[in-house]
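Trainee: this is the structure alone, sequence omitted:
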C-alpha cells in the first residue's frame, strides 16, 4: 500500500482506476492523507449445508402457501383475524417441516423433498403431512374425507371409467328426511364452513397442447350452507344441490351416489393414461354450533394406496446433494450433528 500527503480535499482522488483503489483519510491535525491500495481478490462465499437445508424447506413452505393460502387465512381457531391465522398456518408448517427434515434425514420422511432441478417445475409435488387446521372442535359436519379410485362403482356409468375422486362424503338417511333433521344429524349450523384440500396431479394438455406437461398442486374447496333453503324441505338430489354452496380453485364435482345412500362433494380427475392421481387429502369444519367460532384439527394424510411410493427416493439425504452442487452424493450426510 502506498500513501501520499495532500493539502486539502480539493486535490483528493477517490474511486478506482484499473486495479488501484483511492481513498482520502482525514488526519487528527486536520490535514488529509490520500491512501491507495490494490483491489482485493474476490472472496467466494462457501455454501452452508444448514443454510441450504433451510432454503430447501422454505421453498416447500412457499409452494404450500401459494396453493393453500386462502385456507390458511381461516384455519387457525386461536387467531384473531385472517392475517394472524395465515401467519400461524405458515409458522406451524415451518416447524413441522424443520422437525421432519432433521429427524428423518435418511428415511421415514413425511414430506416429499425436492431436488433443485424439480423445484419450480409444474411437477414439483411438494406434498406431505402439512397441518391444515388447529382448534378445539370435536366434530365434522361431513361423515368422511374419502379417496375413491373406482368411482364407476358408485356412479356406474361409462363417464366414470378411468376417473378418480377425492372429497367429503355425507351419509343420507333412509326415507324422507328434512333439511332440519339432516343438519341436526350432522351437527351443522347454517353458519358453518367445511374445508376440503388435496394434492393432485394431472396431464396439462390445455396450456400448451403441443407439449403436455405433468402438473401437480394443492387444491381446496370451501363448502357453506345456503340460508334460504327451508328447514322443512325434504332432502333430495335437487335440494342438496341448493343447500350446499361451494367455492374452489378447481372444478367441483357433486353428486348423490346411485344407491341414494351418500352425497359427495370433491374433485374428479382423469386417469386416462395413469397420469391422474391424488397424493394427499384432508378436511376440517369451522363450527358456530356453540355460538362462537370453533375449528376441528386436521392434517393432510397420504392417500392409502400411495403409501411409500410418494415419498420414496425423496428423503432429504436423497436430494440434498443437488442443493449443495454435488448431485451424485447419495445419501448426503446430515448437517444436523
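Mentor: Cool, the structure landed. Fair warning: this is a prediction, and the values are worked out from it, not measured in the lab.

Trainee: what's the single longest helix in the protein?
Mentor: In the chain, assigned by DSSP state H, the helix with the most residues is helix 49-72.

Trainee: so after it, what's the next helix or strand?
Mentor: Per DSSP states H and E, the first helix or strand lying C-terminal to helix 49-72 is helix 82-103.

Trainee: that next one - contacts with which helices or strands?
Mentor: On a contact count with 3 or more Cβ pairs under 8 Å, 6 or more residues apart in numbering; DSSP states H and E, helix 82-103 meets helix 49-72, strand 131-133. From N, CA and C alone the C-beta is placed, and that goes for glycine too.

Trainee: for that helix, buried residues please.
Mentor: For helix 82-103, burial by neighbour count (16 or more other Cβ atoms under 10 Å) applies to 85-86, 88-90, 92-94, 96-98, 100-101.

Trainee: let me see the mean pLDDT of it.
Mentor: Average pLDDT, helix 82-103: 97.

Trainee: relative to helix 49-72, how tilted is that helix?
Mentor: For helix 82-103 against helix 49-72, the angle by axes from the mean of the first three to the mean of the last three Cα atoms, to 10 degrees is 140 degrees.

Trainee: off-centre distance for helix 82-103?
Mentor: Distance of helix 82-103 from its chain centroid, counting by Cα atoms, centre = their mean, to the nearest Å, is 11 Å.

Trainee: heads up, I number from 853, so please use that
Mentor: Got it, first residue is 853 now, which makes that one helix 934-955.

Trainee: where do the helices sit along the protein?
Mentor: 901-924, 934-955, 1031-1037, 1089-1095, 1168-1175.

Trainee: for residue 1156, grab the count of nearby residues.
Mentor: Residues lying near residue 1156 (other Cβ atoms under 10 Å) number 9.

Trainee: name the nearest residue to it, ignoring sequence neighbours.
Mentor: Spatial nearest neighbour of residue 1156, excluding adjacent residues (Cβ to Cβ, 6 or more residues apart in numbering): residue 999 at 7.0 Å.

Trainee: surely that neighbour meets residue 1130?
Mentor: Yes. The pair residue 999 / residue 1130 is scored as a contact, 5.5 Å apart, by Cβ atoms under 8 Å.

Trainee: which residues do the two both contact?
Mentor: Residues touching both residue 999 and residue 1130 (Cβ atoms under 8 Å, 6 or more residues apart in numbering): 1016, 1018, 1155.

Trainee: so which of those comes closest to residue 902?
Mentor: Nearest to residue 902 out of the shared contacts of residue 999 and residue 1130 is residue 1155 (Cβ to Cβ; 32.7 Å).

Trainee: show me what contacts the closest one?
Mentor: 999, 1018, 1129-1133.

Trainee: ok, now with 10 Å
Mentor: 979, 999, 1001, 1016, 1018, 1050-1052, 1129-1133, 1161-1162 (Cβ atoms under 10 Å, 6 or more residues apart in numbering).

Trainee: ok, so of these, who is nearest residue 1007?
Mentor: Nearest to residue 1007 among the contacts of residue 1155 is residue 1016, at 12.7 Å by Cβ to Cβ.

Trainee: contacts only, for that closest one.
Mentor: For residue 1016, the contacting residues are 999-1003, 1052, 1054, 1119-1123, 1128-1130, 1155, by Cβ under 10 Å, 6+ apart.
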